[in-house]
Each structure stands twice: as structure tokens, then as C-alpha cells.
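[1] this one's sequence-less:
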Ligand code: ATP
């Protein structure tokens, strides 16, 4: 409940007391997950309407991405499933990456925390991962100069490093966090990662109450899997952030549990932490809906709908922790619908107790 996002927010349109948010179901398990969120929101009388836009890599010749961008620019906020990216076609640009860069969603924020009763290798993990989300290796600049020789260009800029660093220090201050670890590979990438490290280290001088340390990405990976409790807030460039986030999600129970926020100065998009499509689970009612439900709770907090965010969060907690309604990825036998229905029953009980 202490998940406060720094920065000024544009006022969001609210017609008849209700917010409109864009829903991008995406591919794989995304569409069924959005249906679960709709069901939960409708049951809880959440004052949110969805404007659904289909974006899929299989929609050839349709201007789906432009429609999605327009809808998010209009509504300011979106909840999103992952859009499948084809690996075998070099000219194919990831719609996920394009969406984040065109909306300038520069910070990806994940909160990885162990949940009692959910099996995990370590106890008491509580780490916030803050990843630069728009540049670095994701600049999409690759070409084959002559056959057999490829240039992949990694671009980093002081301006973008400064804003992700500012986000990390402000986030830590606002949420009572004590330490920031900057993850880098400045021993090899001397200029690029060197700049990343220097900018963050310089900024740390302005935040005397927050302990600052730096760690090389390979050591950070090892430290995470062996002693993850040492980390509080980690700030990372784009690609290392992607990998470290997946390690951290795996440590607290896997891709079905953690949500991820994409925050920019104008817009915010909420999705799952590991951004999986989970295609092999689609249509089977097997995928864990927790990560999506938590993404919807993050979104409600961003919209200042705190009553509903807490209601759904408490009901989900009872489902997972007290009643141990676990899907197969957590070693249980329950379906996604069981998790959702149990959460709705808990919502009802909480509301009855309030009356
Ligand atoms: P596929 O998409 O066919 O599952 P993949 O390798 O692309 O294959 P990802 O979507 O990247 O898989 O997901 C990685 C792994 O995490 C897969 O084993 C997938 O089944 C699992 N996974 C993803 N989302 C969930 C979820 N919500 N609940 C449980 N398992 C999940």
C-alpha cells in the first residue's frame, strides 16, 4: 500500500464520475485475463470503463498500433496483455517496444515481494526494480554491414539516464526505501554504462538519506539468486533490467504473480512484470491471473481509486495466502476461474463485514 509513484500527473478525464481506460488484450492468455479483470471490476462496482483495442502481431495490414496509441493518448491510462513478437523476421518491430517508446513510458517499475504460502527459494524478498524502458539495446538500430557482420547499436543519453535516476531516488524517498543499487557493466561498456553509473552516482549526492551502491550486472545476478534480501531498490539500464526483473520474478514465484508498471510523464500502461504471452496456456483456464489482477490494482492506485484497489488486493491476499487457492504454476490444482471466483467471494465477505 506504500506504492507511490513520483512526478506530476496530467488530470485524467472522468465522465459521469467514471474513468475510461484503454484495454489491450494482446495475444496468448491476454484476452482471457482482461475478461477476468472486467468481471472483478464489474462485481466490485469499480468506476472504470474499458475501451478495448485489439493489437496483435497476426493482424496484418490493420493499423492496430496507431488505434491503440490514439486510445491511450486520449485516456491516459491502459492495461495491457503482451503482444507476440515474431523472431524470424528482422523487419518486424516489436509492437510492445514501439508502444512504450512512442508513449515515452520511460520507467518500468516492478515490486517483487515474497507471498507467504507461495513456494519460493528464499523468504523475505522485498525489492523494487526500476528499469529504463526506452533506450539502450532497445533503440532498434541493427544492420548487417556486409554479410556476416552485424552492427547492433546501443544508445544511451544523459537526459534519459537522469530521468530514470530521478525516478529511482524520488520513488525511494516517497516510499521510505533505504538503499539504491545501480546495476551496470561499466568495466566493459566503459562509455555507455560508465555514463549511467556516473550520472546516478552524482545524483546520489542530493539524497543523503538513501544509501547508494553500484554492482556489476553479473555479480548482481549471482547476489540476487544467493542473497536477494540485501536489495531494496535496483535501478538498471534497459536490457539488464529485463533480465534482472525476470530473475527477481522467478525468485518470488514466477511469471504469473508479479505486475509491472510502465510510467511516463504523460501516460501509464499497466501489464505483467515478465511480459509473457503464455500462448501454450491460452484457452485452458490454467494461467495464473494474479499478475494481471495486481496490474489492475496498480492501475486503480494510479487512478486514486484506493478503496477499490485495497478491496481487490485484500480479497486476492485471502485467496492466495489464507485459502491457498493456487494454480498449477504454484504447485496447486486450481484453475484461473477458481482464483477469480474465490476472490469475488472474499470481496463479498469484506463488504459484508464493512456494513
Ligand atoms: P508460450 O508463450 O507458448 O507459453 P513461451 O516460451 O513464449 O511459450 P512465455 O509466454 O514467455 O512462454 O512464458 C514463459 C513461461 O511462463 C511459460 O512456461 C509459460 O507457460 C509460463 N507462464 C507465463 N504466464 C503465466 C501465467 N500467467 N501463469 C502461469 N504460467 C505462466
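    Received, thanks. Quick caveat, the model's predicted, so the values are computed rather than measured. Numbers count the residues shown, from 1 in each chain.
[2] let me know the secondary structure of the residue nearest to the spatial centre of the chain.
    For the chain, the residue nearest the mean C-alpha position is residue 260 (1.2 Å; Cα atoms, centre = their mean). Following DSSP: H, G, I helix; E, B strand; the rest coil, we place residue 260 in the strand state.
[3] name the nearest residue to it, sequence neighbours excluded.
    residue 273 (4.0 Å; Cβ to Cβ, 6 or more residues apart in numbering). C-beta coordinates here come from the backbone N, C-alpha and C atoms, glycine included.
[4] burial measure for the one you found, as a count.
    27 (other Cβ atoms under 10 Å).
[5] tell me the pLDDT at it?
    Residue 273 carries a pLDDT value of 95.
[6] same question, residue 354
    For residue 354, the predicted pLDDT is 89.
[7] quick one on the thing from earlier: so the residue nearest to the centre of the chain makes contact with residue 272?
    Yes: with contacts counted by Cβ atoms under 8 Å, residue 260 reaches residue 272, the gap being 6.2 Å.
[8] what sits against the closest residue to residue 230 other than its chain neighbours?
    Nearest non-adjacent residue to residue 230, counting by Cβ to Cβ, 6+ apart: residue 223, 6.5 Å away. Shown in contact with residue 223 (Cβ atoms under 8 Å, 6 or more residues apart in numbering): 215, 230, 231.
[9] in JSON lines, list those residues along with neighbour count, secondary structure and pLDDT.
    As requested, the contacts of residue 223 are arranged in JSON lines below (neighbours: other Cβ atoms under 10 Å; DSSP: H, G, I helix; E, B strand; the rest coil; pLDDT from 0 to 100):
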{"residue": "215", "neighbour count": "18", "secondary structure": "strand", "pLDDT": "98"}
{"residue": "230", "neighbour count": "13", "secondary structure": "helix", "pLDDT": "98"}
{"residue": "231", "neighbour count": "24", "secondary structure": "coil", "pLDDT": "98"}
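[10] tell me which of the residues you listed is nearest to residue 205?
    Using Cβ to Cβ, the shortest approach to residue 205 within those belongs to residue 215, at 18.9 Å.
[11] list the contacts of the nearest residue to residue 248 once chain neighbours are set aside.
    Excluding its sequence neighbours, the residue lying closest to residue 248 (Cβ to Cβ, 6+ apart) is residue 112, at 4.1 Å. Residues in contact with residue 112 (Cβ under 8 Å, 6+ apart) are 125, 126, 127, 128, 129, 245, 248, 249, 251, 252, 258, 273.
[12] would you agree residue 112 falls within a strand?
    Yes: Residue 112 sits within a strand when classified using three-state DSSP.
[13] what's across from it in the sheet?
    Going by DSSP bridges, residue 112 is paired in beta bridges with residue 127.
[14] that one and residue 10, how far apart?
    Using Cβ to Cβ, to the nearest Å, residue 112 is found at 29 Å from residue 10.
[15] hang on, the earlier thing: need the contacts of residue 112 in CSV with distance to residue 175, can you?
    What follows is these, written out as CSV (distance: Cβ to Cβ, whole Å):
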residue, distance to residue 175
125, 16
126, 11
127, 12
128, 8
129, 13
245, 18
248, 17
249, 20
251, 20
252, 18
258, 17
273, 17
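[16] hang on, the earlier thing: so what's the residue nearest to the centre of the chain up against?
    108, 109, 110, 245, 270, 271, 272, 273, 274, 275, 295.
[17] let's see 6 Å
    Residue 260 makes contacts with 108, 110, 271, 273, as judged by Cβ atoms under 6 Å, 6 or more residues apart in numbering.
[18] reformat the residues you listed as CSV; add distance to the ligand.
    Shown next, in CSV, are these (distance: Cβ to the nearest ligand atom, whole Å):
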residue, distance to the ligand
108, 17
110, 15
271, 12
273, 10
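[19] which two of those residues have the greatest separation?
    It's 110 and 271 that sit farthest apart of these, by Cβ to Cβ, at 10.4 Å.
[20] list the buried residues of the top strand by length along the chain.
    The strand that spans the most residues within the chain, counting by DSSP state E, is strand 136-146. By 16 or more other Cβ atoms under 10 Å, the buried positions in strand 136-146 come out as 136, 137, 138, 139.
[21] do you know the pLDDT at the second one?
    Meaning residue 137. 89.
[22] and the pLDDT at the residue nearest to the centre of the chain?
    97.
[23] before we move on, what about the one 10 residues further on?
    On the pLDDT scale, residue 270 is placed at 98.
[24] does it count as helix, strand or coil?
    strand.
[25] how close does it get to residue 3?
    12 Å.
[26] of these two, who's got more company?
    Neighbour count, other Cβ under 10 Å: between residue 270 and residue 3, residue 270 has more, with 24 against 16.
[27] at which residues are the strands of the stretch 251-355 of the chain located?
    Listed in chain order, the strands of the stretch 251-355 of the chain (DSSP state E, counting those that start in this stretch) span 259-263, 268-272.
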